[in-house]
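Asks: Next input, structure requested:
(chains A, B, C, D, E, F, G and H, ligands or ions: 12)
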Number of protein chains: 8
Amino acid sequence: LRQNHPETIFCQGKTPEQIQDIMAYLAQHHMNLLGTRADEKAFRAIKEVCPNAEYHPLSRMVVVNRNPVKKNKGLILVVSAGTADLPVAEEAALTAEVMGNRVECLYDVGVAGIHRLLAHNDKLRQANVLITVAGMEGALASVVGGLVSRPVIAVPTSIGYGANFQGLSALLSMLNSCAAGVGVVNIDNGFGAGRLAAIINEDPR
Amino acid sequence: LRQNHPETIFCQGKTPEQIQDIMAYLAQHHMNLLGTRADEKAFRAIKEVCPNAEYHPLSRMVVVNRNPVKKNKGLILVVSAGTADLPVAEEAALTAEVMGNRVECLYDVGVAGIHRLLAHNDKLRQANVLITVAGMEGALASVVGGLVSRPVIAVPTSIGYGANFQGLSALLSMLNSCAAGVGVVNIDNGFGAGRLAAIINEDPR
Amino acid sequence: LRQNHPETIFCQGKTPEQIQDIMAYLAQHHMNLLGTRADEKAFRAIKEVCPNAEYHPLSRMVVVNRNPVKKNKGLILVVSAGTADLPVAEEAALTAEVMGNRVECLYDVGVAGIHRLLAHNDKLRQANVLITVAGMEGALASVVGGLVSRPVIAVPTSIGYGANFQGLSALLSMLNSCAAGVGVVNIDNGFGAGRLAAIINEDPR
Amino acid sequence: LRQNHPETIFCQGKTPEQIQDIMAYLAQHHMNLLGTRADEKAFRAIKEVCPNAEYHPLSRMVVVNRNPVKKNKGLILVVSAGTADLPVAEEAALTAEVMGNRVECLYDVGVAGIHRLLAHNDKLRQANVLITVAGMEGALASVVGGLVSRPVIAVPTSIGYGANFQGLSALLSMLNSCAAGVGVVNIDNGFGAGRLAAIINEDPR
Amino acid sequence: LRQNHPETIFCQGKTPEQIQDIMAYLAQHHMNLLGTRADEKAFRAIKEVCPNAEYHPLSRMVVVNRNPVKKNKGLILVVSAGTADLPVAEEAALTAEVMGNRVECLYDVGVAGIHRLLAHNDKLRQANVLITVAGMEGALASVVGGLVSRPVIAVPTSIGYGANFQGLSALLSMLNSCAAGVGVVNIDNGFGAGRLAAIINEDPR
Amino acid sequence: LRQNHPETIFCQGKTPEQIQDIMAYLAQHHMNLLGTRADEKAFRAIKEVCPNAEYHPLSRMVVVNRNPVKKNKGLILVVSAGTADLPVAEEAALTAEVMGNRVECLYDVGVAGIHRLLAHNDKLRQANVLITVAGMEGALASVVGGLVSRPVIAVPTSIGYGANFQGLSALLSMLNSCAAGVGVVNIDNGFGAGRLAAIINEDPR
Amino acid sequence: LRQNHPETIFCQGKTPEQIQDIMAYLAQHHMNLLGTRADEKAFRAIKEVCPNAEYHPLSRMVVVNRNPVKKNKGLILVVSAGTADLPVAEEAALTAEVMGNRVECLYDVGVAGIHRLLAHNDKLRQANVLITVAGMEGALASVVGGLVSRPVIAVPTSIGYGANFQGLSALLSMLNSCAAGVGVVNIDNGFGAGRLAAIINEDPR
Amino acid sequence: LRQNHPETIFCQGKTPEQIQDIMAYLAQHHMNLLGTRADEKAFRAIKEVCPNAEYHPLSRMVVVNRNPVKKNKGLILVVSAGTADLPVAEEAALTAEVMGNRVECLYDVGVAGIHRLLAHNDKLRQANVLITVAGMEGALASVVGGLVSRPVIAVPTSIGYGANFQGLSALLSMLNSCAAGVGVVNIDNGFGAGRLAAIINEDPR
Ligand SMILES: Nc1ncnc2c1ncn2[C@@H]1O[C@H](COP(=O)(O)O)[C@@H](O)[C@H]1O
Ligand SMILES: Nc1ncnc2c1ncn2[C@@H]1O[C@H](COP(=O)(O)O)[C@@H](O)[C@H]1O
Ligand SMILES: Nc1ncnc2c1ncn2[C@@H]1O[C@H](COP(=O)(O)O)[C@@H](O)[C@H]1O
Ligand SMILES: Nc1ncnc2c1ncn2[C@@H]1O[C@H](COP(=O)(O)O)[C@@H](O)[C@H]1O
Ligand SMILES: [Mg+2]
Ligand SMILES: [Mg+2]
Ligand SMILES: [Mg+2]
Ligand SMILES: [Mg+2]
Ligand SMILES: [Mg+2]
Ligand SMILES: [Mg+2]
Ligand SMILES: [Mg+2]
Ligand SMILES: [Mg+2]
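Replies: Ligands and ions are numbered 1, 2, ... in the order given. This next block holds a predicted model:
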């Protein structure tokens, strides 16, 4: 697709050897590479074949960014509810950043303490694209969607227990949002959200 | 249980004749009676044996209130999101009222327009018990629960379509609420919510 | 939100009287109005209070468009698989159009006859935002997402039977798409897709 | 909210370092703190920054209770079915206690041996709020709800196997209870039940 | 199988003509016949070919009992919770009766009013086989199972709404019963329960 | 219940210490004891307080049988499909045996090789109660139920993968059996099946 | 695809006018046409534009067979369990027939009366492809699959009630079949099964 | 069944000792043997009793092929989407190969890069039977089914996360395929797919 978009490998469920082979191969054809759901071992295997690879432990991502994409104009804002959602939120933020976007983050602004979120009203309205990351009842997407007039990407997370059913509750909430302009990605799919936000933000017209 | 609590009959799925028989029998032992999920035909059948029965079409309830219970002190506040949730909200309100409570209602205050809800902050904080009624993403319970320090009863409704799965999305949202002090009743169970609110409000100490 | 966005009413499950009242009220404050999931009766009730209302039977929409929004520059392309998906596809197309967008439609291009879709490759690549509408296995979103580099909004429909489970199969397919840049809305939610596409397309920068 | 309510941290899925940081921060602003789902390691990490922290291994809770809340008048009674439900029951009991309530417990009184439960009829009727904790078929909430006229908080647990589906059977049972005055919280959410019971019990009127 | 067991036809979803044909055919080879889920029309069609057919409207059963089976010694007791469960309970009772059993019924003894059930303790302990019929939370099977030492057949019914999910809640409750000696049949399958009870009761040793 | 029925403890999820305590306590009041889902460690802990305890590794059961119940007359036959179902089948067989029954077993007679099952027709018809144990498609209960005229207890197992969903496929199959005289217990509940079979087999008349 | 394969239209959910238009259009390019899930009205609409159309009420199919495909050599055998499964079985049989195959049918041979099925052993072994059609527990596919060495196509039907969940039980059973050589199609998809059987049977080598 | 078909053992969940015993026994009666889901330990145990056993680590299969079946004429083509699907694809390929078939494989041809698949059009059309292996949205079966006129066996895999629900999304997609001639096997059941393909390919006419 777009010239400088990083080629990406989903590392979970692959051995360090497999990851190393694929990365070595990809590094011959692409300037920029991403590894998602990567642990320390996967990183060290990549580092051997891509010496300038960097590891981001919170989002479990490996970034090989040899040809930084030039920045898009709009701001992408990642809004997230709880501490446990941070890995997914960071995956979204980092993905969008590597794809050449200005990214800012608002963390710990869940709907059960609505005033913390409302305190950031100006920032919310500056963003060109927003990503809301939330587990449990996943209500953040609706509230944010109601406050802004730009597109909101909703990422349900699997954070919770019991009737959360591994993210089903947040997923269904977000799909049923009554707010305008909300699109949903898979549970825990921070990468997909970051990429969709980047694509929206690079409006070629 | 409590002396003057109305005896209640769930009319849905019963013939007018069956309803009439049961009501006639109950009227001999109880001063106050309720019929829920009652249509016009059910009402007319009841009216023949309980001449002072009244019909409330929106909540589809029949009320026979021969010995009005004296009012409890606390306020019960019913908060609801969309027009389509009104029958369930009214069922809750009327049930609590018949059980001797002062009840007020805030309608059309969904989370996708959060400022409409926040405009009622004072009223929310006056209530001794709150009932939130919402379908779709059901986020209202969490937001309200975060704004008040009194118990919140959450009623998911079956309003919505698609991934709403007949109220499952709102139900799971409410069960996963991160707000303090939220208890959930069955989908569309306005009656159960009203009754639980009344029981909490009649604190005998 | 945006100045000229039409105010919308979801007509399903409301009586013609209720719809008329709400529309009459809204018509005092908004130039442009939409009624979704409206049948002939609902339309006639609206027509009495909004004489310039128009009815679109395939998408079951009522449009009151007194102040046509000026067109955005980008093209929104609605791509759909089967005849049975047309009402949802048209709902998306009409919503985006009323919100001031140039909209084109590609119908009957399901993945089981992939060459019919590929024949439209140029058109697919001209679009600034794409909406894919599909029931059954819902694979269209992935294939289209792989062909274009602009955002794809995926609308699962409830078309199908048996293991389709009222749209669940298409919904899950779309959420699991491996293509880049796909955001999902609720089953049969053509309105939401059209609105999200419009919001993306009106990039204010 | 209420002045002396303990601030609480859900420890599951956080590293001892993360927990220690959050607790150290919270300890500056709150007199009383709770850690739920905490293991021994989490406790030791907390102990370093909150020397008066205490650990309750059965309920897996850490309590920092520097300013004991004064006792509410009503009794909160925790009723539970099987040995395996004890951690959840204790979590509820301890939470309510730390929030300033008189709490008593009835354990091993499942519905398959109904006379063991009925033997405690007097105690059941003394309580101002009741918490029923049960896995498997979760019938305890209905039976207790039928015996008392005060509010019953129902906590389904994930105890069981097979068609229990990680607590789904008890959850659905409790949501469908025909008894008056039952409110349900999430599967295994002893903390939420204890907190809701405490809020009901602190009736400010 | 057993000589005099009635041959049975499930009438739901068949036309009166189809039912008549099958019954006429069966009447040539079997003395005793049953029609389940039969409406008035089905009955009249059967009556033409089996003049001694009798209709039981509550259980929607047609009985052709030309050669009454001699009675088994043990008592089969049908215990049921709500009025809405009566059709299923009667289907079970009538099936067992036609198969040559002494059958008695205890109706309206749900677990939310446990003392009504306990008042029948002697009767419960006289039965050789028990059938419990309940919708909603389906707790009756566990309570009865705990009171008796003979086999209990549990029939979940689809009575309820919302999180009842057409009988799923009662089904799961009954499968998870901790009481000894409980076997479960399909939702609303009164016929199957009556037949299993009869088979247990006709112990040939 | 019955005088000599063994008291049973479900060991899964309990520590050896907890198990030892409960067993030591129970041993004072009951002659016969069972431990289900017990591993080697649990057994050794029990052995210390109940020296005559025996361990059955395949069924993971501990048996303390100080006062062997006298044998019932009828034969209980356990029929099972695959090797992987053996632990559940053995749990059923051993439970029934300890409760004083003559038990025989037919293993490896799945429906995909129907002639292996039919070869045992005589044995099947000798049994007074049958227990069928099967995972995967769980068809064994229907086939056996069609071959015999005595009660069949169906135990679905969690054996399988993919669309087996941890035993759901076998559970649903067995609940939908068209054969006469089938009662179902929970997934993997060999203990419950053996106990129900024993109760049926001890017909007191 | 293949030259003479009939073009097919799924009539359910389309108006007679829509069906007529599509059929008139298709009739210009294809010799042979099929309409599935067609009612009498749909047939009459088709008859006007395709005078040689024939209607098969049991399978609800319309056949326009102007250029009969020459017969394949192998036999396709349709095996089905209950009367209620006949429409689906006939849809499969007719589809295969119109596609040029010799088709025979074995009806009313469910697994709860296994000897009726076994009596047809010779016929079963003559078939080159088999189609098994069954609702409820769907065990027929496994038993037939174990008796033959040719491919078996399994069609679950939605026949049943309660824990059948609209065909889910039969679907899961068939997907979990331990028999060799079983492929599954969608619930009630007789058409798809007939078509797949025809494709297998027309082996071009 | 067929003379030289290998006898197969499903090794997962069995101890090396159990596997060795079964294999030693089977080796006396069958020339060719397969072990599926076998790890290194299982292989070494088999090797002791079947010295010519070979291990295929990617597909986790053990093959004992003492009497190679002579090749069928048609080509079986295995088409698969992602690297993570390889074990299942290889299980299918190897199974078909051991059963005497010419097998070729097309890997890494997912639908989100449709041109990679279309580049193999000739190969696709040469195959007599095709096996499509895909997780995530599972769209490959529909696209391939639309390109060829021979039977397509669809194998959903459990590859994915979140709303993939362990393979449910791919399973439902494949069951709802609109393409002609698609039969589905269980999630991850490469073995069953290979076996069904082999049976179709050995057309005895
Ligand atoms: N077809 C539709 N699907 C989903 N949401 C809709 C649809 N039509 C309208 N809406 C939303 O529903 C709101 C109006 O809901 P109501 O107040 O129930 O009429 C509008 O503001 C829209 O955001
Ligand atoms: N109400 C019922 N529920 C479940 N199974 C039934 C019922 N009535 C009849 N049956 C069974 O269905 C068989 C007849 O089915 P059919 O041939 O479809 O009429 C009988 O032999 C019974 O085993
Ligand atoms: N394997 C088992 N499956 C189901 N229930 C069991 C099992 N083993 C024991 N039980 C039941 O669980 C009760 C003991 O549970 P517990 O108090 O948790 O040990 C016993 O009285 C039995 O009724
Ligand atoms: N990977 C597999 N998936 C599904 N079925 C299998 C698999 N491997 C073997 N089987 C079937 O399982 C049977 C053996 O099962 P078991 O007796 O448990 O080893 C074989 O006859 C095969 O039909
Ligand atoms: Mg918005
Ligand atoms: Mg609160
Ligand atoms: Mg793309
Ligand atoms: Mg009560
Ligand atoms: Mg009992
Ligand atoms: Mg039988
Ligand atoms: Mg076979
Ligand atoms: Mg094809």
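
Asks: does the residue nearest to A:S158 when sequence neighbours are not counted count as helix, strand or coil?
Replies: Nearest residue to A:S158 in three dimensions, chain neighbours excluded: A:G167, at 3.8 Å (C-beta to C-beta, 6 or more residues apart in numbering or on different chains). No exception for glycine: its C-beta is placed from N, CA and C like everyone else's. Judged by DSSP: H, G, I helix; E, B strand; the rest coil, the three-state class of A:G167 is helix.

Asks: Specify the beta-bridge partners of A:H56.
Replies: Beta-bridge pairing for A:H56 (DSSP bridges): A:M61.

Asks: pLDDT below threshold where in chain A?
Replies: Filtered on pLDDT under 70, chain A yields the residue ranges A:1-4.

Asks: For it, just list every one of the helices.
Replies: With helices called from DSSP state H, chain A shows them at A:16-27, A:40-49, A:86-98, A:114-118, A:121-126, A:140-147, A:168-175, A:190-201.

Asks: Give me the packing partners of the longest one, helices and strands only.
Replies: Right, the one you point to is helix A:86-98. With contacts taken as 3 or more C-beta pairs under 8 Å, 6 or more residues apart in numbering or on different chains; DSSP states H and E, helix A:86-98 sits against strand A:32-36, strand A:61-65, strand A:75-80, strand A:102-106, strand A:129-134, strand A:152-156, helix A:190-201.

Asks: The same query, at a cut-off of 10 Å, please.
Replies: The contact analysis (3 or more C-beta pairs under 10 Å, 6 or more residues apart in numbering or on different chains; DSSP states H and E) places helix A:86-98 against strand A:32-36, strand A:54-56, strand A:61-65, strand A:75-80, strand A:102-106, strand A:129-134, strand A:152-156, helix A:190-201.

Asks: Figure out how far that helix is from the centre of its chain.
Replies: Per C-alpha atoms, centre = their mean, to the nearest Å, the displacement of helix A:86-98 from the mean C-alpha position of its chain is 4 Å.

Asks: The residue nearest to the spatial centre of chain A and ligand 1, how far apart?
Replies: The C-alpha lying nearest the average C-alpha coordinate of chain A belongs to A:A92 (C-alpha atoms, centre = their mean; 1.1 Å). Taking C-beta to the nearest ligand atom, to the nearest Å as the measure, A:A92 falls 25 Å from ligand 1.

Asks: With A:C178 instead?
Replies: 6 Å.

Asks: for A:G194, same thing?
Replies: According to C-beta to the nearest ligand atom, A:G194 and ligand 1 sit 26 Å apart.

Asks: ok, the closest residue to that residue other than its chain neighbours - contacts?
Replies: Leaving aside its chain neighbours, A:G194 sits nearest to A:T95 (2.9 Å; criterion: C-beta to C-beta, 6+ apart). Neighbour list for A:T95: A:6, A:8, A:34, A:36, A:59, A:61, A:63, A:76, A:101, A:103, A:131, A:190-198 [criterion: C-beta atoms under 10 Å, 6 or more residues apart in numbering or on different chains].

Asks: By proximity to ligand 10, which residue of chain A wins?
Replies: Across chain A, the shortest distance to ligand 10 (C-beta to the ion) belongs to A:F165, at 38.1 Å.

Asks: In contact with that residue, which residues?
Replies: Residues near A:F165 by C-beta under 10 Å, 6+ apart: A:S158, A:L171, A:L172, B:L172, B:N176, D:F165, D:Q166, D:L168, D:I187, H:F165.

Asks: doesn't B:Q166 make contact with the third one?
Replies: No - in terms of C-beta atoms under 10 Å, A:L172 does not count as a neighbour of B:Q166; the distance is 11.5 Å.

Asks: who has more neighbours, the two?
Replies: Legend: neighbour count by other C-beta atoms under 10 Å in any protein chain shown for A:L172 and B:Q166, higher for A:L172 (29 against 21).

Asks: Not counting sequence-adjacent ones, nearest residue to the residue in chain A that ligand 9 sits nearest to?
Replies: Relative to ligand 9, the nearest point of chain A is A:G162 (30.3 Å; C-beta to the ion). Excluding the flanking residues, the one nearest A:G162 by C-beta to C-beta, 6+ apart is D:I187, at 3.0 Å.

Asks: Please give the number of neighbouring residues around the one you found.
Replies: By the measure other C-beta under 10 Å, the count of residues near D:I187 is 26.

Asks: And it, how close does it get to D:Q12?
Replies: D:I187 sits at a distance of 14 Å from D:Q12 (criterion: C-beta to C-beta, to the nearest Å).

Asks: Quickly list what's touching both of these two.
Replies: Residues touching both D:I187 and D:Q12 (C-beta under 10 Å, 6+ apart): A:Y161.
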